[in-house]
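Asks: model the following, please.
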Amino acid sequence: MTENEKKKKKFRQSKKWKDFRHSLNVKQNGVCYITKSKLRKLSAVHHMDLNPENYDDLNEENFVFVLHSVHETIHTLYPYYKKDPTVLERLKTVLDKMVELNS
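Replies: Below you'll find the model as predicted:
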């Protein structure tokens, strides 16, 4: 485990983090920022600032509460989106076609 990972893990056990996580959940009315479905036990607080040095900067504008699977998807798609934002248009095309075929 790297030094940053250890720092992050320790911070996540702090009262400051737990209080922040709870207040973010309340602010979002207990729903996922992306899907608008009810947050579950394994939901994640996504930190949009990926710099490990800024992890403990709890500016609410830099965080969203999302379902665990959504969090994984965000991190999977981000490198592709960073290189080519049209990846979202292609994803939308696929999802639209799935809706068409399965309605």
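Asks: list the contacts of stretch 26-45.
Replies: 20-21, 24-25, 46, 60, 63-68, 70-71, 74 (CB atoms under 8 Å, 6 or more residues apart in numbering). (Each C-beta comes from the backbone N, C-alpha and C, glycine too.)
Asks: pLDDT of that stretch, averaged?
Replies: For stretch 26-45, the mean pLDDT works out to 96.
Asks: geometrically speaking, which residue is the centre of the chain?
Replies: His46 (3.1 Å; CA atoms, centre = their mean).
Asks: strands paired with the helix or strand containing that one, and their directions?
Replies: Assigned by DSSP states H and E, His46 belongs to strand 44-47. If you go by DSSP bridges, strand 44-47 pairs up with strand 63-66 (antiparallel).
Asks: which element follows the partner strand toward the C-terminus?
Replies: Next helix or strand after strand 63-66 toward the C-terminus (DSSP H and E): helix 68-83.
Asks: so what does the helix or strand that that next one is followed by touch, helix or strand wise?
Replies: Next helix or strand after helix 68-83 toward the C-terminus (DSSP H and E): helix 87-101. Judged by 3 or more CB pairs under 8 Å, 6 or more residues apart in numbering; DSSP states H and E, helix 87-101 is in contact with helix 68-83.
Asks: next, the angle from the helix it packs on to helix 87-101.
Replies: 130 degrees (axes from the mean of the first three to the mean of the last three CA atoms, to 10 degrees).
Asks: can you dump the C-alpha atoms of helix 68-83 in CSV for me?
Replies: Presented in CSV, the C-alpha positions along helix 68-83 are these (Å, rounded to 0.1, in the frame of the first residue of the first chain):
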residue,chain,number,x,y,z
HIS,A,68,-20.8,1.6,-6.4
SER,A,69,-21.3,0.4,-10.0
VAL,A,70,-21.7,4.0,-11.2
HIS,A,71,-18.4,4.9,-9.4
GLU,A,72,-16.6,2.0,-11.2
THR,A,73,-18.1,3.2,-14.5
ILE,A,74,-16.9,6.7,-14.0
HIS,A,75,-13.4,5.6,-13.3
THR,A,76,-13.4,3.2,-16.3
LEU,A,77,-14.7,5.8,-18.8
TYR,A,78,-12.7,8.8,-17.5
PRO,A,79,-9.4,8.0,-19.3
TYR,A,80,-11.3,7.5,-22.6
TYR,A,81,-13.4,10.7,-22.1
LYS,A,82,-10.3,12.7,-21.3
LYS,A,83,-8.7,11.7,-24.6
